[in-house]
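Student: please work out how this folds:
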Amino acid sequence: MKPVHTTLAPAAIGPYSQAISANGVVYVSGQIPIDPATGDLIAGTIAEQTARIAANIGAVLAEAGTDFEHVVKTTCFLTDLANFGEFNTEYAKHFVSNPARECVQAGALPKGAQVEISVIAVLP
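Tutor: Okay, the predicted model is just below:
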């Protein structure tokens, strides 16, 4: 197992890695919409938060040697499924390979985020 770390994505806010690469598979920890330059949660709509998360995930995937085209599974948490349509529109801009996915409502997310996404990808 190899931990993956990049300064282009937010540092972990607990005892975990941004991602782990093992046996050709990259497991990216749940990402919330934190600006890696400031360490602050970005304010804004669920679409804006989803775009920030996608940028963070993209940076972690790149550091691991893969990309969005190789994402096979996502897990998405929204604090309000009433925002599903807006979330889904932004999500589709990034996850163009249509990976397998769960999307569920969570009572609360770290730092008051509206959305969190984790991914599993393969190395090319």
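
Student: buried ones in the host helix or strand of Thr50?
Tutor: According to DSSP states H and E, Thr50 maps onto helix 46-64. In terms of neighbour count (16 or more other CB atoms under 10 Å), helix 46-64 has its buried residues at 46-47, 49-57, 59-61, 63-64. No exception for glycine: its C-beta is placed from N, CA and C like everyone else's.

Student: what's next to it, contact-wise?
Tutor: 4-6, 8-10, 18-19, 21, 26, 28, 31-36, 42, 67-68, 70-71, 78, 83, 86-87, 89-91, 93-95, 113-117, 119, 121, 123 (CB atoms under 8 Å, 6 or more residues apart in numbering).

Student: picking up where we left off before, between the buried residues of helix 46-64, which is closest to Gly107?
Tutor: Within the buried residues of helix 46-64, proximity to Gly107 (CB to CB) peaks at Ile46, which comes in at 16.2 Å.

Student: what about the nearest residue to the closest one once chain neighbours are set aside, distance to Ala47?
Tutor: Excluding the flanking residues, the one nearest Ile46 by CB to CB, 6 or more residues apart in numbering is Asn83, at 4.4 Å. Asn83 sits 9 Å away from Ala47 when distances are taken as CB to CB, to the nearest Å.

Student: hey, C-alpha coordinates of stretch 5-13 in CSV?
Tutor: Below are the C-alpha coordinates for stretch 5-13, written out as CSV (Å, rounded to 0.1, in the frame of the first residue of the first chain):
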residue,chain,number,x,y,z
HIS,A,5,-0.4,13.1,-1.0
THR,A,6,-0.5,16.3,-3.0
THR,A,7,-0.5,19.9,-1.9
LEU,A,8,-2.9,20.7,-4.8
ALA,A,9,-5.7,19.1,-2.7
PRO,A,10,-6.6,19.8,0.9
ALA,A,11,-4.6,18.1,3.6
ALA,A,12,-6.5,15.4,5.5
ILE,A,13,-8.4,16.8,8.5
